[in-house]
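[1] one predicted model, sequence on top.
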Amino acid sequence: MTRTMATQYDDTPGIRLDEHWWRLAPGAPIHKRLVPYGQALLQRESNFHRKNLTRERIYRGTALQQHRVALQHLERGGLGMARLNAIKAICDTFSSRISKDRPMPGVVTTGRDWTVKRKGQRFREFIVGQMLETEFDDLSRFAVDDATQLGNAFTRIDDNGDALFAERIPINDLLFDRRECKYGMPQQAIRLRRVAKAQLCELFPKNKDAIERAPASARRADDSDIDGDGPHYGDLGDYVDTWEAWHPPTSKDDDGAPSADGRHVLCIDGDTDLATLVSEAWREPRFPWAMYQLMRPHRGIYADGFVDQLADLQHRINAIVRDIQMNLAATGRGFFIVNEANDIPVENLTGFQPFKLKIKGGEPPKWEAPQPFNAAQMAALDKFIDYAFKFSGVSQANAESRSALGAGASGVALNTQYDIDSDRFRQPQANYARYRLQAAQCYIDAAARVAWRRQQSKGARRSWIAVSWRGKDAIEQLDFNKIQLKDADYRLRIEPVGFLPDTRAGKIEITEQLAKAGVIPQWFVPALFDEPDLVEANRIILAPFKNCLRKMDLLADEHEDAPVPEQYNDLDLELKVSTAYYNWVQSEKAPPEIETRFRDYIDLVVYELKKKNPPAPVPNPAAMGVPPGPVPMPQGPMPPMPGGVPLMPAGPVPPPPTIGAVPAPMAA
């Protein structure tokens, strides 16, 4: 929620019945049109919201509402319904598999000048830093969980006026007009949210009277975490329903400016103009959230999750399990045959609900113990569970935390099996990557709004709001206005993410492979076997390389002081990396000043290498016992030096060059 206040109108403008809420001017009492419209959408979507609650109950394995009373009586008598929840195992396995990948956005600035490309690098640092600060990876896992159960998930990335935040949006909180969703691109959206009146009064003190007079929040079906069991204690008089709506601009003018119909509104139900808490222009051509769809629907925006696909199979599995449960209860009790002449009271019989059969005469009937369950019934149960996993594409071996290849499978075989298992989920994985790209764009939009507000304050505050993470603990504040790119200067793409095993056995195995390949030095291997922390290993082993990359970033920025190589650096590595970077800046057509900085740095590295590894001294012939004599000169004319390079005079190593200094003219 933003703290931007709506302008109060002295004279309430007339609102025509055929006028949409987003066509009203900013500051108008939009709640008079928005709240009734939202209530109508809420009533229309009630059936969809109930289905979502049913999907959640099926995932959790709880009984549906219409059978709850009968099942409670059975449970009190010790005959509760048995459940074998295959859907939960499938959803959890899929979520663990997909959320293990962390595709991060990259900024592509191909074809632009050097300044734009440098901004693109800083732009990516800003996006990744904000994702880490707002814990977007955890929200991504929640999104995958929601999508497996309900088909869709929404993660909001927005600003609160001064900083960025990210949060999960329950699917029942969002209201769309289904008539606008046919092609998957709705024009408007409303979020219904219950907020404490005290919190709203603190955020909007000028609207305190309207907030206190607002009607209490209406109770809905998804209010309780216990599916409506038991009485509801207290009331919701201290809470109010907020209606937050967005309408992105429908077009842009020739200069790229958005049209005037983009609107963002936050209001409550009330009879005063102050019931509209926020009314402002909305400039972004998208909503402030990223949507993850498990599979792309053919029509509309709502997809089907695993619960929708497997609900019928789960019902059949539960039915078979209940039959087996009742058979075990019926056949596992005690059966007693007694003569009427020597009757035994039931209370004296042992076992759970014993069965007593009275007979006459001295010869008891022949008794055959019934089978507790049918073998064909058990085979059918296994078959239905197998069908559920096969239809969803989730490996049953992964759900059981075991390898389908056995304990002695090689690493190549495991990687091949991983690729085969992943082929089934190409579309969900692509949708997951697209969801993270949408989130990256939302971070950019939210940061631009904060920077614009700070800029409007006429220099009272700087526009930086980002925290860019470098390494594990170091942070850096970036001025968003200095790194911001125009929409036409860049595009976002997904960058590949390396995979490292999470288990101790997997870490030890990959440590052995890296040690054999020479990636990890032998002196560091014993430390990894004690505690296989590959992240810490990379931090130590790659420290010279990362330090060199840090220097290359400084050299590429003419506003930073140029670094100087030291004898304690890995000079051989620095010579290779700096030479490669010098060729890279040439290929990117960097300014001449940047190329000069890299050339001077390479000269300094060469100078330090000569100091560290001086040339071998020329041997003295007299010391070696060779009699002095004239040195034989080669016959014929002296061959010219290649390229016209003059011979260097003998003497000490010249002083090191200075980066960026203009070379002195050579003496005549």
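    Alright, I've got the coordinates.
[2] how close does residue 276 sit to residue 383?
    59 Å (C-beta to C-beta, to the nearest Å). C-beta here means a position set from N, CA and C on the backbone, and glycine is covered the same way.
[3] the more surrounded of these two?
    Neighbours of residue 276 and residue 383, each counted by other C-beta atoms under 10 Å, are more numerous for residue 276; the result is 30 against 11.
[4] ok, the more buried one touching residue 265?
    Yes: at 6.8 Å, residue 276 and residue 265 qualify as touching, with contact defined as C-beta atoms under 8 Å.
[5] find residues that contact each of the two.
    Common contacts of residue 276 and residue 265, defined by C-beta atoms under 8 Å, 6 or more residues apart in numbering, comprise 30, 31.
[6] would you map the strands across the stretch 201-350 of the chain?
    In the stretch 201-350 of the chain, the strands defined using DSSP state E, counting those that start in this stretch lie at 239-247, 263-268, 276-281, 289-293, 335-339.
[7] quick one: list the elements packing against the very next helix or strand once past the last one.
    Going back to what we said before, that points to strand 335-339. Downstream of strand 335-339, the first helix or strand assigned by DSSP states H and E is strand 355-359. For strand 355-359, the elements it packs on are strand 335-339, judged by 3 or more C-beta pairs under 8 Å, 6 or more residues apart in numbering; DSSP states H and E.
[8] ok, the closest residue to residue 572 other than its chain neighbours - contacts?
    Closest residue in space to residue 572, ignoring its immediate chain neighbours: residue 609 at 7.5 Å, by C-beta to C-beta, 6 or more residues apart in numbering. Contact analysis of residue 609 by C-beta under 8 Å, 6+ apart lists 571, 572, 575.
[9] number of nearby residues for the second one?
    Looking back up the chat, that one is residue 572. Using other C-beta under 10 Å, residue 572 is surrounded by 13 other residues.
[10] ditto for the last one
    One way to gauge burial is a neighbour count; for residue 575, by other C-beta under 10 Å, it gives 18.
[11] what helix or strand does it sit in?
    Counting by DSSP H and E, residue 575 is found in helix 571-587.
[12] right, and the helix or strand after that helix?
    Downstream of helix 571-587 (by DSSP H and E), the next one is helix 592-612.
[13] next, the angle from that next one to helix 571-587.
    Orientation of helix 592-612 against helix 571-587 (axes from the mean of the first three to the mean of the last three C-alpha atoms, to 10 degrees) gives an angle of 160 degrees.
[14] in helix 592-612, what counts as buried?
    For helix 592-612, a neighbour-count test (16 or more other C-beta atoms under 10 Å) marks 594, 597, 598, 600, 601, 602, 604, 605, 607, 608, 609 as buried.
[15] isn't residue 288 right up against residue 444?
    No: counting by C-beta under 8 Å, residue 288 stays clear of residue 444, with 11.4 Å between them.
[16] more neighbours: those two, which one.
    residue 444 (24 against 21).
[17] how is the protein divided into domains?
    21-305+427-487, 333-371, 504-614 (automatic domain parsing).
[18] out of those domains, which is closest to residue 395?
    domain 21-305+427-487 (7.4 Å; C-beta to C-beta).
[19] mean confidence score for the closest one?
    In this model, domain 21-305+427-487 has a mean pLDDT of 80.
[20] sorry, back to before: of all the domains of the chain, which one comes closest to residue 391?
    domain 21-305+427-487 (9.4 Å).
[21] pull the contacting residues for the closest residue to residue 594 other than its chain neighbours.
    Among residues not flanking residue 594 along the chain, residue 585 sits closest, at 5.5 Å (C-beta to C-beta, 6+ apart). Neighbouring residues of residue 585 by C-beta under 8 Å, 6+ apart: 114, 556, 594, 595, 598.
[22] may I see those arranged in TSV, with distance to residue 236 as well?
    Output for those, formatted as TSV (distance: C-beta to C-beta, whole Å):
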residue	distance to residue 236
114	59
556	58
594	63
595	68
598	66
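[23] looking at the residues you listed, which is nearest residue 135?
    residue 556 (31.1 Å).
[24] from what I can see that closest one touches residue 591, true?
    No: applying C-beta under 8 Å as the test, residue 556 and residue 591 come out as separate, 10.4 Å apart.
[25] looking at these two, which has the bigger crowd around it?
    residue 556 (20 against 13).
[26] check contacts around the residue nearest to the more buried one when sequence neighbours are not counted.
    Closest residue to residue 556 in three dimensions, ignoring its sequence neighbours and counting by C-beta to C-beta, 6+ apart: residue 594, at 6.2 Å. Taking C-beta under 8 Å, 6+ apart, we find residue 594 in contact with 114, 555, 556, 558, 585.
[27] so who does the third one touch?
    Meaning residue 556. 118, 581, 585, 590, 594.
[28] so which pair among those is furthest apart in space?
    Taking C-beta to C-beta, no two of the contacts of residue 556 sit farther apart than 118 and 581, at 13.2 Å.
[29] past the helix or strand hosting residue 125, which element shows up next along the chain?
    Assigned by DSSP H and E, residue 125 falls within helix 114-133. Downstream of helix 114-133, the first helix or strand assigned by DSSP H and E is helix 136-150.
[30] mind exporting that following helix as PDB, just the C-alpha atoms?
    Output of helix 136-150 as PDB, limited to C-alpha atoms (Å, rounded to 0.1, in the frame of the first residue of the first chain):
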ATOM      1  CA  PHE A 136      12.100 -13.800  -3.900                       C
ATOM      2  CA  ASP A 137      13.400 -17.400  -4.000                       C
ATOM      3  CA  ASP A 138      11.200 -18.400  -1.100                       C
ATOM      4  CA  LEU A 139       8.200 -16.800  -2.700                       C
ATOM      5  CA  SER A 140       9.000 -18.700  -5.900                       C
ATOM      6  CA  ARG A 141       8.700 -21.900  -4.000                       C
ATOM      7  CA  PHE A 142       5.400 -20.900  -2.600                       C
ATOM      8  CA  ALA A 143       4.300 -20.000  -6.200                       C
ATOM      9  CA  VAL A 144       5.200 -23.500  -7.400                       C
ATOM     10  CA  ASP A 145       3.200 -25.000  -4.500                       C
ATOM     11  CA  ASP A 146       0.100 -22.900  -5.400                       C
ATOM     12  CA  ALA A 147       0.400 -23.800  -9.100                       C
ATOM     13  CA  THR A 148       0.600 -27.500  -8.500                       C
ATOM     14  CA  GLN A 149      -2.600 -27.400  -6.300                       C
ATOM     15  CA  LEU A 150      -4.600 -24.700  -8.000                       C
END
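[31] would you mind listing the buried residues in it?
    Buried, per 16+ other C-beta under 10 Å, within helix 136-150: 136, 139, 140, 143, 144, 145, 146, 147, 148, 149, 150.
[32] ok, and what's touching the strand or helix carrying residue 43?
    Per DSSP H and E: residue 43 is located in helix 31-44. Applying C-beta under 8 Å, 6+ apart, the external contacts of helix 31-44 come out as 15, 19-21, 24, 175-178, 190, 192, 243, 245, 265, 267-270, 275-276.
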